[in-house]
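**Q** Below are the sequence and a predicted model; questions follow.
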Amino acid sequence: AIATVCSLDAPLATIIEDYAAGHCDAIDLWLGHAEAFLEDHDLPALRELLAGQGVSAVAASFQGGLLTSQGEARLEHWRHFERRLRMLRDLSIPVLVIAGDAFGPLSPQDLSRLSLSLSEAAARAADAGLRLALEFDSRASFPNNLQSAVALVEDVGHPALGLCLDWHHFAIGPSKPLDLGLLTRDNLAH
């Protein structure tokens, strides 16, 4: 799938038409594009845009702020997450990529919050009939590579939580080619 974020400044209708013309029939729908489109259109119009061009949204990217945020920011991220789960369910998009955006020094409490947040997010996604794909960020404190992301997903142990393998973060961060052997059909969500 090609990510629509690759065409960041274009309107979604143009992106979908251009991708379809280039025979890109599977996309990772950037949620910023979808939400901008939905400011002036309804969900059936978005479904029709995709179907009319023969394009399938196999995933949507991305939801941040769930892992270690606190206070009012945490509440807002989780409200946003719930809205997006409903939207993706209604659009039949099966996977939501969540950002591994835990930056800065992490305390044991932060690491505990991170695991609990992933478990809660996976449970909510499962209730909506979706799967989450955790994307490690090579600049993050944790997880910042494929091996640590696999370990985290395995530790959480929820079937609705898998991994997103982003080649950019894999290539520029501390991941190693040997780490690719850790991927399985069960843990690779996107």
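**A** Arrived safely. Numbers count the residues shown, from 1 in each chain.

**Q** what about the strands in this protein?
**A** 2-3, 26-30, 56-63, 95-99, 131-135, 161-164 (DSSP state E).

**Q** Of the ones you listed, which shows the lowest average pLDDT?
**A** The weakest mean pLDDT among the strands of the chain belongs to strand 2-3, with a mean of 92.

**Q** Note down every partner strand of that strand and its orientation.
**A** strand 26-30 (parallel) (DSSP bridges).

**Q** mind listing what the nearest residue to residue 151 once chain neighbours are set aside touches?
**A** With sequence-adjacent residues excluded and distances taken as C-beta to C-beta, 6 or more residues apart in numbering, residue 151 is closest to residue 143, at 7.6 Å. (C-beta placed from N, C-alpha, C; glycine too.) Listed by C-beta atoms under 8 Å, 6 or more residues apart in numbering, the contact partners of residue 143 are 100, 102, 134, 136-137, 149, 151-152.

**Q** In JSON lines, list the residues you listed along with distance to residue 42 and neighbour count.
**A** Formatted as JSON lines, those follow (distance: C-beta to C-beta, whole Å; neighbours: other C-beta atoms under 10 Å):
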{"residue": "100", "distance to residue 42": "32", "neighbour count": "31"}
{"residue": "102", "distance to residue 42": "35", "neighbour count": "23"}
{"residue": "134", "distance to residue 42": "31", "neighbour count": "25"}
{"residue": "136", "distance to residue 42": "35", "neighbour count": "29"}
{"residue": "137", "distance to residue 42": "33", "neighbour count": "21"}
{"residue": "149", "distance to residue 42": "36", "neighbour count": "28"}
{"residue": "151", "distance to residue 42": "42", "neighbour count": "14"}
{"residue": "152", "distance to residue 42": "37", "neighbour count": "22"}
